[in-house]
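Novice: need a structure here:
(chains A and B)
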2 protein chains.
Amino acid sequence: MAIEPIRWKGDRLELLDQRLLPDQSVYVACKSAAEVAAAIRDMVVRGAPAIGCAAAFGFALDSRNKSDLKKAFDTLAASRPTAVNLFWALDRMKKAANAEAEAIAIFKEDLAMNRAMGELGAKLIAQRARVMTYCNAGALATSGYGTALGVIRAAFANKKDISVVACETRPYLQGARLTAWECVQEGIPCTLITDNMAGHLMSKGEVDVVIVGADRIAANGDTANKIGTYMVAVLARRHRLPFYVAAPTSTFDPKIADGSAIPIEERPAQEVTGYRGLRWAPEGVAVRNPAFDVTPAELITGIVCEKGVILEPNRERVLAMLK
Amino acid sequence: MAIEPIRWKGDRLELLDQRLLPDQSVYVACKSAAEVAAAIRDMVVRGAPAIGCAAAFGFALDSRNKSDLKKAFDTLAASRPTAVNLFWALDRMKKAANAEAEAIAIFKEDLAMNRAMGELGAKLIAQRARVMTYCNAGALATSGYGTALGVIRAAFANKKDISVVACETRPYLQGARLTAWECVQEGIPCTLITDNMAGHLMSKGEVDVVIVGADRIAANGDTANKIGTYMVAVLARRHRLPFYVAAPTSTFDPKIADGSAIPIEERPAQEVTGYRGLRWAPEGVAVRNPAFDVTPAELITGIVCEKGVILEPNRERVLAMLK
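Specialist: Numbers count the residues shown, from 1 in each chain, chains lettered A, B, ... in the order given. Sure thing, here's the model as predicted:
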């Protein structure tokens, strides 16, 4: 059964509560932009394309409710700062004549872009490849198929005998909870590791290729993605492994020249000092919790988007693809 | 108050149960080599030098009990495979005329070596340095002062205005639970991060130097240490940061030519799928859990041991220091 992170019901948006996965599948109903913004901020829904789709429906809800749309825009735009899909979707919504139709179009286009990336990206995955991925760039991070995990899904559907190495992705454990769960659901062989094992496995020759998603890609190809992606890219380079990013063109932000201008969200300390109700760090310790980092374009073998693959990305090639 | 991970009481060995830190300080009493071996295997006590000291006292207990010492040796030697201090201590015990006196000597020598490393290593730490460390190489990992954290402790005692960046060290969280706790106890400013943030902080210029402990160092300087150390070393090299290892000569294994021959312990899957009673990974996912990795000598700026600092370690320089 297909995973449905986002369900539009006309008068409400139902979001699969990703905080409770893989233990429970519970949908949260949102009836206004403010409720959708809260769901984005609180990580009920996460993943750059999914955030964009959810925000579009949030705007459509307030349009239906005849609420102040300037306020709806601002509330949704303030929910999370790094993923550019949020701003891309809201800009489209602001200009749309029919808000509901536009939100549905954004959702359907995302699904189509996922499928296109899957087919293009699958060609880059060798028969029997051991594919490392990071965080969750799957059905749960999108309208329902996935970017990086969509590529893996397509390669698997195309009868490639692949296996996945999923990095758990502290502190929020999207790899352990969400990517591992999606792979188990689909029957794709998956091995879970802690993030700090990535280098060891590469050094032992147990990884063939890396593919990750993205939250925002600058004009020169520098890519913001979940914290730790940069570490994996540096290790892949040392071990001469191809490192791919999969992201629809809605994740590109050509107004930003390079990664240094991408805002990096800093999240609450309690995500680092423990997990859910369990605290393991002592009182009195300071904490940093940047949610994303930037992988420079020079470490990226190629960016798979729905229109093609940008090999050895740089400003010229990125802008050519976005034309 | 000094942290005492290991207390010798003549008829029993008391081990501070590190599984319960930082929440509770509880000592486990061991009255035989088998009980000490179980405590090592179950991680009541951990850290290469501390394992060596505990094993020595375990042997002394069976000597006192007039038990089969061949069996005591084998049981202790089978407890954990990677840290060579265990085998080094047992070899000394086997040859000793007075087992109790020898175990006490091993313990006291470890403390003296820690202090000597602290003074030598502190000279490598600049005034106001932001020092990244990994896992716990502190008082808890030794007889009671620390190797890498001993260097930090000595620099702090020498009035250097330093701060620590502690990587949490999944899956067992020795950084979050033990290193952060030791720093808070001592009043050393400490910031906790998840392991995957190390590269991001380095890329932002927020780290000046890295220092870690070791579980086994081969003749050429290749160093086995807690899983993830290799990742930090690769990142330090990319950012041109000095990367130091602090370890007493009891951690060197000159019989092993290079790191490829160091046995890497694989630990139970449930350490990765959750923490304590809490499970967050889905059923059905495969797991890898190598407890250590190997950092090649070429990535190591210097190894601080009690006799001096081996800069740019290689076979010739390592063997010269061990003479």
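Novice: how's chain A carved up into domains?
Specialist: A:6-112, A:115-322 (automatic domain parsing).
Novice: how about the shortest one against chain B, any contact?
Specialist: Yes: part of domain A:6-112 sits near chain B under the criterion Cβ under 8 Å from any Cβ of the partner chain, namely residue A:22. From N, CA and C alone the C-beta is placed, and that goes for glycine too.
Novice: run through chain A and note the low-pLDDT ranges.
Specialist: A:1 (pLDDT under 70).
Novice: rebuild the domains of chain A as JSON lines, extending it with mean neighbour count and distance to residue B:266.
Specialist: Output for the domains of chain A, formatted as JSON lines (neighbours: other Cβ atoms under 10 Å in any protein chain shown; distance: least, Cβ to Cβ, whole Å):
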{"stretch": "domain A:6-112", "mean neighbour count": "20", "distance to residue B:266": "24"}
{"stretch": "domain A:115-322", "mean neighbour count": "22", "distance to residue B:266": "11"}
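Novice: which stretch among the ones you listed comes nearest residue B:75?
Specialist: For these, proximity to residue B:75 was assessed by Cβ to Cβ; domain A:115-322 is nearest, at 28.9 Å.
Novice: now do the end-to-end distance for the closest one.
Specialist: 18 Å (Cα to Cα, to the nearest Å).
Novice: run the chain-centre distance for it.
Specialist: 8 Å (Cα atoms, centre = their mean, to the nearest Å).
Novice: give me every residue that touches residue A:153.
Specialist: Residues counted as contacts of residue A:153 (Cβ atoms under 8 Å, 6 or more residues apart in numbering or on different chains) are A:118, A:138, A:145, A:146, A:186, A:188.
Novice: coming back round to it: can I get the domains of chain A in JSON lines with distance to residue B:25?
Specialist: Shown next, in JSON lines, are the domains of chain A (distance: least, Cβ to Cβ, whole Å):
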{"stretch": "domain A:6-112", "distance to residue B:25": "33"}
{"stretch": "domain A:115-322", "distance to residue B:25": "12"}
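Novice: show me the one of these that comes nearest residue B:248.
Specialist: With Cβ to Cβ as the yardstick, what comes closest out of these is domain A:115-322 (24.6 Å).
Novice: about what we covered before: the contacts of residue A:153 also near chain B: which ones?
Specialist: Near chain B, judged by Cβ under 8 Å from any Cβ, there are no entries from these.
Novice: so which of the residues you listed belong to helices?
Specialist: Of the contacts of residue A:153, the ones assigned to helices by DSSP state H are A:118, A:186.
Novice: can I get the contacts of residue A:153 in a markdown table with distance to residue B:20?
Specialist: Formatted as a markdown table, the contacts of residue A:153 follow (distance: Cβ to Cβ, whole Å):
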| residue | distance to residue B:20 |
| --- | --- |
| A:118 | 47 |
| A:138 | 37 |
| A:145 | 45 |
| A:146 | 41 |
| A:186 | 39 |
| A:188 | 38 |
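Novice: which among the contacts of residue A:153 gets closest to residue A:15?
Specialist: residue A:138 (15.6 Å).
Novice: quick one: the closest residue to the closest one other than its chain neighbours and chain B, what's the gap?
Specialist: Spatial nearest neighbour of residue A:138, excluding adjacent residues (Cβ to Cβ, 6 or more residues apart in numbering or on different chains): residue A:149 at 3.4 Å. The span separating residue A:149 from chain B equals 14 Å under the rule Cβ to the nearest Cβ, to the nearest Å.
Novice: can you check residue A:137 too?
Specialist: 16 Å.
Novice: then residue A:318?
Specialist: 21 Å.
Novice: where does that residue fall, secondary structure wise?
Specialist: In the assignment (DSSP states H and E), residue A:318 maps to helix A:315-322.
Novice: list the contacts of stretch A:20-34.
Specialist: Residues outside stretch A:20-34 that contact it (Cβ under 8 Å, 6+ apart): A:7, A:9, A:11-17, A:36, A:39, A:44, A:57-59, A:61-62, A:65, A:67, A:71-72, A:75-76, A:140, A:177-178, A:180-181, B:280-282.
Novice: who's in contact with the residue positioned nearest the centre of chain A?
Specialist: Residue closest to the average C-alpha location in chain A (Cα atoms, centre = their mean): residue A:47, at 3.5 Å. The contact partners of residue A:47, taken as Cβ under 8 Å, 6+ apart, are A:5, A:83, A:136, A:137, A:138, A:140, A:141, A:142, A:213.
Novice: which two among those residues are spaced furthest apart?
Specialist: Within the contacts of residue A:47, A:83 and A:138 form the most distant pair, 15.4 Å apart (Cβ to Cβ).
Novice: and for residue A:100, nearest residue in space, chain neighbours not counted?
Specialist: Nearest to residue A:100 is residue A:60, by Cβ to Cβ, 6+ apart, at 4.7 Å.
Novice: and that neighbour, which of the three is it?
Specialist: Following DSSP: H, G, I helix; E, B strand; the rest coil, residue A:60 is assigned to helix.
Novice: try residue A:271
Specialist: Relying on three-state DSSP, one would call residue A:271 helix.
Novice: how close does it sit to residue A:7?
Specialist: As judged by Cβ to Cβ, to the nearest Å, residue A:271 and residue A:7 stand 27 Å apart.
Novice: where does the stretch 51-200 of chain A get nearest to chain B, which residue?
Specialist: Closest residue of the stretch 51-200 of chain A to chain B, Cβ to the nearest Cβ: residue A:196 (2.7 Å).
Novice: ok, now how distant is the residue nearest to that residue when sequence neighbours are not counted from residue B:181?
Specialist: Leaving aside its sequence neighbours, residue A:196 sits nearest to residue B:228 (Cβ to Cβ, 6+ apart; 2.7 Å). Relative to residue B:181, residue B:228 is positioned 19 Å away (Cβ to Cβ).
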